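Enquirer: Attaching a predicted model along with its sequence, questions to come.
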Amino acid sequence: MRIDILTLFPNMFSSPLRESILGRAVEKGLLLIQTINIRDFALDKHQVVDDAPYGGGQGMVMKVEPIARAIESVKAQNPSARIIYLTPQGKPFDQDLARRLSGQSHLILLCGRYEGVDERVRELFIDEEISIGDYVLTGGELAAMVLIDAVSRFIPGVLGSDRSAEEDSFFNSLLEYPQYTRPVEFKGCRVPEVLLSGNHSAISLWRKREAIRRTSLRRPDLLAKASLTEEEKSLSEEALNSNDDCGMRMKDKNEF
Ligand code: 4GX
């Protein structure tokens with residue numbers, strides 16, 4: 001997959017794309033990621049990329065011409081590339097959208113700063129607007145990195161040959177079950193006995209129960225999306241009716 005990132009701050013991408021799993025994917029050639037500095041496409045002497053909004057108001061708006069030239073330079077190489085603008089006004093990003101985008105061969109990610117881009121950029125060039133969540137960042141760069149990270153996990157080979165982004169179909173749309181590693185006891189807290197038993201069917205049932213329990217306590221909205229068998233539905237009712245939720249309800253966690 002090829003990804004071109006249009007940004008005023010290309011340096012923000014260097015370390016996140018060099019480390020760990022993404023770094024390896026780039027090294028292996030599974031991902032070809034390029035940053036393009038929008039300022040390089042501002043042709044005036046001072047390379048101005050923003051201006052005051054028509055009609056007045058706070059802040060600055062990113063000008064249409066430099067962005068248009070930057071997009072056209074990438075599109076000239078591949079007219080079928082899909083152009084995505086990261087904005088809180090976009091479609092909420094989730095695992096389904098990440099999976100769908102991983103099927104594209106070439107994405108162009110436009111990162112806005114200030115009060116966003118001139119509306120004509122959207123009208124003329126943008127194929128899709130995506131939001132990574134209901135909060136306001138200082139720019140689209142971190143949102144682009146989140147998108148790249150989640151999409152890359154679906155590209156074959158990125159996670160290594162023995163793992164896929166979604167191996168166990170049942171656990172899809174549920175929160176993960178609890179994980180433990182050595183030591184078997186730490187400050188008086190023990191690893192659940194069943195995980196030490198070597199009884200694979202008992203372990204599998206325990207994990208399913210814990211995943212359902214955690215999901216019904218913390219994210220009942222996700223459970224509604226999952227298609228549960230009768231057995232799974234009764235596990236979920238059991239979880240909600242039990243007083244012993246081991247502090248798994250998020251409302252029990254301390255807020256500050
Ligand atoms: N998910 N931001 C975009 C510039 C901006 C300002 C106003 C449109 C209107 C974000 C998010 C996000 C910050 C990226 C503001 N664009 N992007 N930027 N949440 O917060 O994607």
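Expert: Sure thing, it's come through.

Enquirer: Pull the number of nearby residues for residue 209.
Expert: 17 (other Cβ atoms under 10 Å). Heads up, the C-betas are built off the backbone N, CA and C, glycines and all.

Enquirer: Ignoring the adjacent residues along the chain, who's closest to it?
Expert: residue 235 (5.3 Å; Cβ to Cβ, 6 or more residues apart in numbering).

Enquirer: And for residue 114?
Expert: residue 60 (4.4 Å).

Enquirer: Same question for residue 125.
Expert: Per Cβ to Cβ, 6+ apart, closest to residue 125 is residue 71, 5.1 Å.

Enquirer: Check residue 89 too.
Expert: Nearest one to residue 89, counting by Cβ to Cβ, 6+ apart, is residue 129 at 6.2 Å.

Enquirer: circling back: and the residue nearest to residue 125, which helix or strand is it part of?
Expert: Assigned by DSSP states H and E, residue 71 belongs to helix 64-77.

Enquirer: Now do the buried residues in that helix.
Expert: Applying a neighbour-count criterion of 16 or more other Cβ atoms under 10 Å, one finds 64, 65, 66, 67, 68, 70, 71, 74, 75 buried in helix 64-77.

Enquirer: who's in contact with residue 240?
Expert: Listed by Cβ atoms under 8 Å, 6 or more residues apart in numbering, the contact set of residue 240 reads 216, 217.

Enquirer: quick one: it from residue 248, how far?
Expert: 11 Å (Cβ to Cβ, to the nearest Å).

Enquirer: Touching both of those two, which residues are there?
Expert: Common neighbours of residue 240 and residue 248, using Cβ under 8 Å, 6+ apart, are residue 217.

Enquirer: near the ligand, which residues of the protein?
Expert: Neighbours of the ligand within the chain, by Cβ under 6 Å from any ligand atom: 86-88, 112, 115-116, 131-133, 135-137, 139-140, 143.

Enquirer: and the longest strand for the protein?
Expert: strand 82-92 (DSSP state E).

Enquirer: What residues does residue 92 make contact with?
Expert: Contact analysis of residue 92 by Cβ under 8 Å, 6+ apart lists 131, 133.

Enquirer: can you tell me which residues contact the residue of the chain found nearest the ligand?
Expert: Taking Cβ to the nearest ligand atom, the ligand has its nearest neighbour within the chain at residue 116, 2.9 Å off. Contacts here follow Cβ under 8 Å, 6+ apart; on that basis residue 116 touches 61, 62, 87.

Enquirer: Quick check: it vs residue 77, distance?
Expert: Distance from residue 116 to residue 77, by Cβ to Cβ: 26 Å.

Enquirer: pretty sure residue 153 contacts residue 159?
Expert: Yes: if you go by Cβ atoms under 8 Å, residue 153 and residue 159 touch, sitting 5.9 Å apart.

Enquirer: any shared contact partners between the two?
Expert: Residues touching both residue 153 and residue 159 (Cβ under 8 Å, 6+ apart) are 21, 165.

Enquirer: What ranges does this protein have for its strands?
Expert: 2-7, 32-37, 50-51, 61-62, 82-92, 106-110, 128-131, 185-186, 189-190.

Enquirer: Quick one: distance of the fourth one to the chain centre.
Expert: Meaning strand 61-62. 25 Å (Cα atoms, centre = their mean, to the nearest Å).

Enquirer: which residues touch that strand?
Expert: 38, 49-53, 112-118, 121.

Enquirer: One more pass at 7 Å, please.
Expert: 49, 50, 51, 53, 112, 113, 114, 115, 116, 117, 118 (Cβ atoms under 7 Å, 6 or more residues apart in numbering).

Enquirer: for the record, mean pLDDT for that strand?
Expert: Across strand 61-62, pLDDT averages out at 98.

Enquirer: And for the second one?
Expert: Taken as a whole, strand 32-37 has an average pLDDT of 98.

Enquirer: Report the inter-axis angle for it versus helix 64-77.
Expert: 150 degrees (axes from the mean of the first three to the mean of the last three Cα atoms, to 10 degrees).

Enquirer: Lovely, talk soon.
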